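**Q** give me a 3D structure for the following:
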Amino acid sequence: MGAPTVPTFSFLTTAYRTEDYLRDTMDSVVAQTIPDWELVVVDNGMSDAIAAIVEDYAEDERIRLIRQENKGYDGGVMAAAAGATGRYFVVLDSDDQVMPTFCEAIARVLDAYPQIDAVGCDAVRFDDSGADLPVGYYRATNAKRKPNPAQRLTLTDLVGGLVPYYTAAIRREAWEVVGGYDRGGEELHESVAIWIRMVSSYDIRILPQRLARFRLRGDSLTRDPAKVEAFMAELERSFAWAAPEDPAAQAALDRTLRTFRYWVALRRAQHALLAGDDTGARRSARAAFAQRRTLRAAAIMVSVTAFPGLLRRIHPLKQRVSERIAHAAGRIVSAVTR
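**A** Below is the predicted model of the structure:
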């Protein structure tokens, strides 16, 4: 059975320094249970190794390669979109994967409810060894509402933390109207900003099935404190940019922003502890406690106030406290970052 002339799904994949992962990503698309797709891979940096991997699939006319100098992540995705012909665009990063039934399951929803403009899903998280982690994407982000395909996504849901996993099928016309992943000069996170632009005017649904696979790489930004803070600041700007007029949505946004600020401050406290900076740890712990009155923030604040230098002398305890903070903050960051 051949693929339709105009495919339903266009996978948009930008590749930069992902030679070790790209083949698995492409294989996951090729393994789809229905042939109604195309895959546009952008070699976003003129890598001969990336190009060679894609050329290995040259016999499959549904797969195309675009080569360009590195134009950043958003520039790579937008280049893929410009070369796509499908009815729905699906962003798929070059180190992640989709389940074999991704297209089939989403096509079933779109066929039954043609008024829907975008369909998302949950995702399995897995590490570089290939092992699946027990907690999926939405549980890891502590979303307040579980995905329910019977309910249209609202701005209150979105700013409250129920952000669709980035690999979702978005109607081409909706993508083009909102500008896709083009930031428009704003320092926003692409995979959040696009949903904020869409949610008020388009029908977005989220399936509870884990139809995608999200890789937690060992070299992810969660290991770099400066990158974590920059990412969290970008994420906060993206949510604040929504500026909802509805009181319920504003209240949800306020809670989300407090959560972001809490984790940033708590992570600063962690690194101050590791550096032996009791003053910095106390200041950051107080900032975290002001956002969310948790025992974790209070414990750090009390410890460095009542027993300055103690955690520095009890290195194993300090390390355990720091690791727990890093793990908790990392769950949020690694679950939503790209």
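**Q** tell me the mean pLDDT for stretch 53-66?
**A** Confidence for stretch 53-66, expressed as mean pLDDT, is 98.
**Q** so for it, what gets flagged as buried?
**A** Within stretch 53-66, the residues that count as buried by 16 or more other Cβ atoms under 10 Å are I53, V54, Y57, R62, I63, R64, L65, I66. Just so you know, the C-beta spots here come from the backbone N, C-alpha and C atoms, and that holds for glycine as well.
**Q** now flag whichever of these is closest to A269.
**A** Set against A269, the nearest of those by Cβ to Cβ is I53 (42.9 Å).
**Q** isn't the closest one up against M26?
**A** Yes. Using Cβ atoms under 8 Å, I53 is in contact with M26, at 7.4 Å.
**Q** quick one, strands of the chain?
**A** 9-15, 37-44, 63-68, 88-91, 97-98, 118-127, 169-171, 204-216 (DSSP state E).
**Q** mind putting the ones you listed in CSV, distance to R283 included?
**A** Output for the strands of the chain, formatted as CSV (distance: least, Cβ to Cβ, whole Å):
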stretch, distance to R283
strand 9-15, 40
strand 37-44, 40
strand 63-68, 45
strand 88-91, 39
strand 97-98, 42
strand 118-127, 33
strand 169-171, 43
strand 204-216, 31
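**Q** domain-wise, how is the protein divided?
**A** The record's domain split for the chain, according to automatic domain parsing, is 9-219, 222-336.
**Q** comparing those domains, which comes out most buried?
**A** domain 9-219 (a mean of 19; mean count of other Cβ atoms under 10 Å).
**Q** how far off centre is it?
**A** 10 Å (Cα atoms, centre = their mean, to the nearest Å).
**Q** wait, doesn't F9 sit right on P35?
**A** No. Contact criterion Cβ under 8 Å: F9 and P35 do not qualify, at 10.3 Å.
**Q** how much space separates V29 from S201?
**A** 29 Å (Cβ to Cβ, to the nearest Å).
**Q** I should have written G276 there, sorry.
**A** With Cβ to Cβ as the criterion, G276 and S201 are 52 Å apart.
**Q** those helices in the protein, which residues are they?
**A** 22-30, 48-55, 72-82, 102-112, 137-140, 155-159, 172-178, 190-198, 225-240, 247-274, 278-291, 295-306, 310-313, 315-336 (DSSP state H).
**Q** right, I'll leave it there.
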